[in-house]
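# Mind folding the following:
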Amino acid sequence: MSIWPLFSVWSGFDLSAWIFLGAVLDLMIGDPIWRYHPVRLIGSAIAGLENVVRRPSWGRAGLRLAGMGLTLAVVVGVLTLVTAVLWAASNVSIWLFRLLVVGLAFWGLAIRGLAESALLVYRPLMQNRWDDARRQLAMIVGRDTTHLSQSEMVRATVESVAENTCDAVVAPLFYLFVGGPAWLWVYKAINTLDSMIGHTNGKYRDFGWFSARLDDVANWVPARITGVAITLAAATDGRLRQAYAVMRQDGRKHPSPNSGVSEAAMAGALGVSLGGPNVYEGVVSLRPRIGQPEYPLSPAAIVRAVSVSLRATLVVVIAFGLLAVIVSGRWLQ
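Next up is the predicted model:
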């Protein structure tokens, strides 16, 4: 252990074998639905704190300060709690500590869940069960899915796969290796805050502004790693140049500084065009077109997107594994 007794658990590169074991478990069995899943507990804490700190009578400045305070309280609280639990476990037994690392990595990754969520939209689409496909799609995207056509449902699913390859897989792996499970769960807290209150319109426009900006910062590096990984994954289909070109040309068109990178790389990898009108709570948001429509947005594009996402995950795992060897000077420990 490090000379810093408490912060010694922030050592992801020294825990690579146990991180990989957690990733393999997630890929094999997926993240089970559980009432006390850490993400659900974080979500409950956010909802409870919002009821305490938010006041409808406050103006913009008050709402912004309250939202910032809630965000910092959740992030610091998660970091402190996970760090303390890991440190305590390491003082009891090295195997208890390793077991916690595996469990926290397993709960923090969604490799299998991402693939399964996309395929749950694909299957009813292939059977022409449009309403079932719309219901499944509504569970993974924030836009209104009620009147989407088949091609629009495919587009929404492919965009979700591209974005969540970063949010659910690459970013968690990045923070696992940078700072161990404690920093993974800081990221998960930030991501949960963004999904719950980090909206740019409606009642959260002011209250959630800090959460949204913090999520942008947290995802900046992982999003670009994801774009490169998707580009390299496209090489197995002979589309490395196309993926890279679209990522470079169209990645900045998206209103998000991060989502556009992975979506553009995915559009180039598949040879499809993404973007267009989306409806959020009755408000139309027109997104710029990304990529060239070499192929139609048919349900098969969902399967191809999932395949690219899984290959990109493998690229990232191999890269982080090699980096762990270089940093630690040893093979997986």
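
# residue with max distance from the center of this protein?
Distance to the chain centre peaks in the chain at S57, reaching 34.0 Å (criterion: C-alpha atoms, centre = their mean).

# does G108 really touch N191, like I thought?
No - contact status for G108 versus N191: not in contact, 10.0 Å apart, counting by C-beta atoms under 8 Å. Bear in mind the C-beta positions are built from the backbone N, C-alpha and C, glycine included.

# By residue count, which helix of the protein is the longest?
helix 60-92 (DSSP state H).

# Mind listing what's buried along that one?
Using 16 or more other C-beta atoms under 10 Å as the test for burial, helix 60-92 gives 63-64, 66-68, 70-71, 74-75, 78-79, 82-83, 85-87, 89-90.

# Flag every buried residue along the strand or helix carrying A312.
Assigned by DSSP states H and E, A312 falls within helix 300-328. Applying a neighbour-count criterion of 16+ other C-beta under 10 Å, one finds 301-302, 304-313, 315-317, 319-321, 324 buried in helix 300-328.

# what separates that helix from the chain centre, distance-wise?
Offset of helix 300-328 from its chain centre (C-alpha atoms, centre = their mean, to the nearest Å): 14 Å.

# quick one: the helices in the stretch 151-300 of the chain?
171-197, 209-234, 240-250, 259-270, 300-328 (DSSP state H, counting those that start in this stretch).

# Can you tell me which of those is packed in deepest?
Highest mean neighbour count among the helices of the stretch 151-300 of the chain (mean count of other C-beta atoms under 10 Å): helix 259-270, with a mean of 31.

# To what extent is L25 buried, counted in neighbours?
19 (other C-beta atoms under 10 Å).

# quick revisit: so what's the residue farthest from the centre of the chain up against?
Listed by C-beta atoms under 8 Å, 6 or more residues apart in numbering, S57 has no contact partners.

# which SS class is it?
Secondary structure for S57, judged by DSSP: H, G, I helix; E, B strand; the rest coil, is coil.

# any idea how far Y204 is from it?
17 Å (C-beta to C-beta, to the nearest Å).

# go on, L274?
L274 is 26 Å from Y204, by C-beta to C-beta.

# Kindly report the same for T192.
Separation of T192 from Y204 (C-beta to C-beta) stands at 14 Å.

# Counting neighbours, what do you get for R143?
Around R143 there are 18 other residues, counting by other C-beta under 10 Å.

# mind checking the SS state of it?
Per three-state DSSP, R143 ends up coil.

# Spatially nearest residue to it, not counting backbone neighbours?
Among residues not flanking R143 along the chain, N278 sits closest, at 4.4 Å (C-beta to C-beta, 6 or more residues apart in numbering).

# Next, work out how far apart that neighbour and Q127 are.
Distance, N278 to Q127, using C-beta to C-beta: 25 Å.

# Same check on V154?
Applying C-beta to C-beta to V154 and Q127 gives a distance of 14 Å.

# same question, V24
As defined by C-beta to C-beta, V24 lies at a distance of 32 Å from Q127.

# Mind checking which of these two has more residues around it?
Taking neighbours as other C-beta under 10 Å, V24 and Q127 compare with V24 leading, 16 against 11.

# Contacts only, for that one.
Not one residue lies near V24 by C-beta under 8 Å, 6+ apart.

# Could you look up the SS state of it?
helix.

# what bits of the stretch 1-150 of the chain have low per-residue confidence?
1-7 (pLDDT under 70).

# If we use 50, what do you get?
Filtered on pLDDT under 50, the stretch 1-150 of the chain yields the residue ranges 1-3.

# residue contacts, I302?
I302 sits in contact with A118, L119, V121, Y122, L125, V154, T157, V158, V161, where contact means C-beta under 8 Å, 6+ apart.

# Count the neighbours of the last one for me.
Using other C-beta under 10 Å, V161 has 27 other residues around it.

# wait, it sits on S307?
No - taking C-beta under 8 Å as the definition, V161 is not a contact partner of S307, at 9.9 Å.

# Distance-wise, check V272 relative to L119.
From V272 to L119 the distance is 18 Å (C-beta to C-beta).

# Between the two, which has more neighbouring residues?
Shown here are V272 and L119; by other C-beta under 10 Å, V272 has more neighbours (25 against 14).
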